[in-house]
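Participant: Dropping a prediction and its sequence here:
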Amino acid sequence: MPQQRSEAERILNFDYDTDAFIYAGETVITTTVKKKLTDSIGDLTSLRTRLIQKPFEIPESISIPLVYRKTKSALSFNLSLTSVLDRRELRALSFALNYTENQKTTLFSNPKDLKIILETFDVNWRNYFTIGLFDCYLQNWVLKSDSLKLLSLFILPKISNYSGKNVVINSIKKNIRYFDLQNGDVTLGAELALKKYHLNQLTQYLGLPDHYLNYYYFSNVILAFFYKSISRIEEILEDIDSVLTNHNRTITNKRIVSKIIISTNSEANLYLQDKVKSMAYKFIGDPNISSFWYADENLSDSEKIDLKHAVDILNEWITKQFITVFFEKCINDERRKRFWLRYSKHIKRLKVFGSDSTRQILLNDHRISEYVLPRFYTARRPGNVSALMFRIGEHKLIEFSNQGYAFYAYKNSDADKPAFEPRNLNSVDWLRNSYLPMLAYISGTHLYSLSDNGRLIHRDGNLSWETVFDYWLSKKVGVHV
């Protein structure tokens, strides 16, 4: 409804629309102009940061390898570093503590040498030593070594007493409590979780350049964040995925992903477990390849136990998916699927043998697509029969896709057992051996003459075939479900 004109406006013939005036004021600066202003401010901020930090960079004419060698030589001959290195070389030395070559130790790794180096810095102190030394501090955080304690006692007071204008150093000074060697990292992670702050904005929160996120210091920050946020694990998965990608440290991946796997194992949420499974594959690798899941020496004993537990859980998840897909897609047999799912946690290795078409069927199923290729062997002669081989205890067990094919079991000590990685498998039928005895013989409801190697038929009699299989597995393989 149009506004009523006042008496004065009517007499003066003055048409004034308040709403239109407000709108016009809001649109004086167009979206394009606003964007240009924002971009310009960003450029100026970046330029300011670069100009302020420039005095703290290493001079291009100075070689870190050369400074490393000169320092090593001086230390070996008990020479004064001040007499060997000039001021610019000392600046380079502040960035060289982690450098190594020819399998020699770093300058940082020897507390005795580091003490001499820090005393030299103290006597010749310049603010431009700060960035290199602090980088070294964060890079070696995970070790919690004697050298790190020495560096902590030296660099943190220097930062606290800093009175210059460098943006990065002032940001560190402002957040100095987060860099306390005792629990600063844990404090930061816990606070971020309580504030529900996004981890991928972690460096912005601290006012530090993005490349700092790569330092080992942030490993425990991310871990503490996870522990405080575990009740909303599904909500934070994407955030953790993003920060692990940018952090890019294998030891952190193993710490965090193993704990995520363990924490979601009891969840009756297959969608969540699929997401975690994909994260594990992305950040660590296929659990079937043990070298990917090797327990690094810098992991604590409890973390090594968690990593092993996580591998077992992950393999069980993948095994369940393979069994489900195999018996749904390669043969529609609900009873066999249900039976082997009960034993999934006991299965330690799994392989599918079949044709190219079978492999493609499995690859097309999103539940296992990531894990098919390392677990599939293509037989040379095409056929419509596929086989699922897996190990439980000291036995290799084989199920075939087609009706009428028996179940086979071989003890690992048997010379005629088939290989998980056969050199030459012409046909899946070669995995069968009709000369083997039955694994158990049945008389009424009585089972007798159990064998270590042999076959069983999926056929009901006075006993269901599941009962027969369960009995043999409990007596000969030693597993009970």
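Facilitator: Sure, I can see it.
Participant: C-alpha from now on. contacts and neighbour counts both.
Facilitator: Fine.
Participant: who's in contact with residue 351?
Facilitator: If you count contacts by CA atoms under 8 Å, 6 or more residues apart in numbering, residue 351 has them with 375, 376, 377, 388, 389, 390, 420.
Participant: For it, give its distance to residue 425.
Facilitator: If you measure residue 351 against residue 425 using CA to CA, to the nearest Å, the figure is 13 Å.
Participant: cool, residue 452 as well?
Facilitator: When distances are taken as CA to CA, residue 452 and residue 425 turn out to be 24 Å apart.
Participant: Quick one: the strands in the stretch 101-250 of the chain, in order.
Facilitator: According to DSSP state E, counting those that start in this stretch, the stretch 101-250 of the chain carries no segments that qualify as strands.
Participant: picking that back up, now for the contacts of residue 351: which two are most distant?
Facilitator: In terms of CA to CA, the contacts of residue 351 reach their longest pairwise distance at 377 and 390, which sit 13.2 Å apart.
Participant: Where does pLDDT dip in this protein?
Facilitator: Within the chain, the segments meeting pLDDT under 70 span 1-61, 382.
Participant: per the record, what domains does it have?
Facilitator: If the domains of the chain are taken from automatic domain parsing, they occupy 7-56, 64-265, 311-477, with pieces of a single domain joined by a plus sign.
Participant: Settle it for me: which of residue 452 and residue 425 has more neighbours?
Facilitator: Applying other CA atoms under 10 Å to residue 452 and residue 425 shows that residue 452 carries more neighbours, namely 21 against 18.
Participant: hang on, isn't the more buried one packed against residue 408?
Facilitator: No - look at residue 452 against residue 408 with CA atoms under 8 Å: they stay out of range, at 10.5 Å.
Participant: now the end-to-end length of stretch 428-439.
Facilitator: For stretch 428-439, the end-to-end distance is 21 Å (CA to CA).
Participant: Can you list the buried residues in it?
Facilitator: 428, 429, 431, 432, 437, 438, 439 (16 or more other CA atoms under 10 Å).
Participant: check contacts around the fourth one.
Facilitator: By CA under 8 Å, 6+ apart, residue 432 lies in contact with residue 408.
Participant: start the count at 15, not 1, going forward
Facilitator: I'll keep to 15 as the first residue from here, and by that count the last item is residue 446.
Participant: Please, where are all the helices along the stretch 165-314 of the chain?
Facilitator: 181-188, 198-208, 216-220, 231-243, 247-261, 264-278, 284-297 (DSSP state H, counting those that start in this stretch).
Participant: Excluding its own residues, what touches the shortest one? List them.
Facilitator: When contacts are defined by CA under 8 Å, 6+ apart, helix 216-220 is touched by residues 185, 186, 189, 223, 224, 226, 227.
Participant: again, only this time at 7 Å
Facilitator: Contact with helix 216-220 is made by 185, 189, 223, 224, 227, as judged by CA atoms under 7 Å, 6 or more residues apart in numbering.
Participant: Name the nearest residue to residue 237, ignoring sequence neighbours.
Facilitator: Leaving aside its chain neighbours, residue 237 sits nearest to residue 270 (6.2 Å; criterion: CA to CA, 6 or more residues apart in numbering).
Participant: go on, residue 464?
Facilitator: Spatial nearest neighbour of residue 464, chain neighbours left out: residue 454 (4.5 Å); criterion: CA to CA, 6+ apart.
Participant: what's the neighbour count on the one you found?
Facilitator: 20.
Participant: Residue 153 too?
Facilitator: With neighbours defined by other CA under 10 Å, the count for residue 153 comes to 18.
Participant: Same question for residue 401.
Facilitator: In terms of burial, residue 401 registers 23 neighbours under the definition other CA under 10 Å.
Participant: repeat for residue 144
Facilitator: Applying other CA under 10 Å, we find 21 residues neighbouring residue 144.
Participant: how much space between residue 243 and residue 214?
Facilitator: As defined by CA to CA, residue 243 lies at a distance of 15 Å from residue 214.
Participant: if we can go back for a sec, which one of the contacts of residue 365 is nearest to residue 115?
Facilitator: Using CA to CA, residue 389 is the member of the contacts of residue 365 that lies nearest residue 115, at 40.0 Å.
Participant: May I ask which helix or strand encompasses the closest residue to the closest one other than its chain neighbours?
Facilitator: Spatial nearest neighbour of residue 389, excluding adjacent residues (CA to CA, 6+ apart): residue 365 at 4.8 Å. Here residue 365, judged by DSSP states H and E, is contained in strand 361-368.
Participant: what's the following helix or strand after that strand?
Facilitator: Next in line after strand 361-368, if elements are assigned by DSSP H and E, sits helix 370-377.
Participant: buried residues in that following helix?
Facilitator: For helix 370-377, a neighbour-count test (16+ other CA under 10 Å) marks 370, 372, 373, 376, 377 as buried.
Participant: swap in stretch 171-179?
Facilitator: With the criterion 16+ other CA under 10 Å, stretch 171-179 contains buried residues 172, 173.
Participant: How far off centre is it?
Facilitator: In terms of CA atoms, centre = their mean, to the nearest Å, the centre of stretch 171-179 is set 36 Å apart from its chain centre.
Participant: who's in contact with it?
Facilitator: Among residues not part of stretch 171-179, those counted as contacts by CA under 7 Å, 6+ apart are 183, 187.
Participant: ok, back up a step: nearest to residue 291, of the domains of the chain?
Facilitator: Residue 291 lies closest, by CA to CA, to one member of those: domain 325-491, at 6.9 Å.
Participant: measure that closest one end to end?
Facilitator: With CA to CA as the measure, the first residue of domain 325-491 is 22 Å from its last.
Participant: Quick check: phi and psi at residue 402.
Facilitator: phi -120, psi 110 (degrees, to the nearest 10).
Participant: neighbours around residue 462, how many?
Facilitator: The number of residues packed around residue 462, counting by other CA under 10 Å, is 11.
Participant: Then residue 137?
Facilitator: The criterion is other CA under 10 Å. On that basis, residue 137 has 9 neighbouring residues.
Participant: ok, now how distant is it from residue 95?
Facilitator: Residue 137 sits 11 Å away from residue 95 when distances are taken as CA to CA.
Participant: and if you look at residue 393?
Facilitator: When CA to CA is the yardstick, residue 393 and residue 95 sit 67 Å from each other.
Participant: Over to residue 306?
Facilitator: Between residue 306 and residue 95 the computed distance is 43 Å (CA to CA).
Participant: Show me which of the two is the more surrounded one.
Facilitator: In terms of neighbours (other CA under 10 Å), residue 95 is the more surrounded of residue 306 and residue 95; the figures are 20 against 15.
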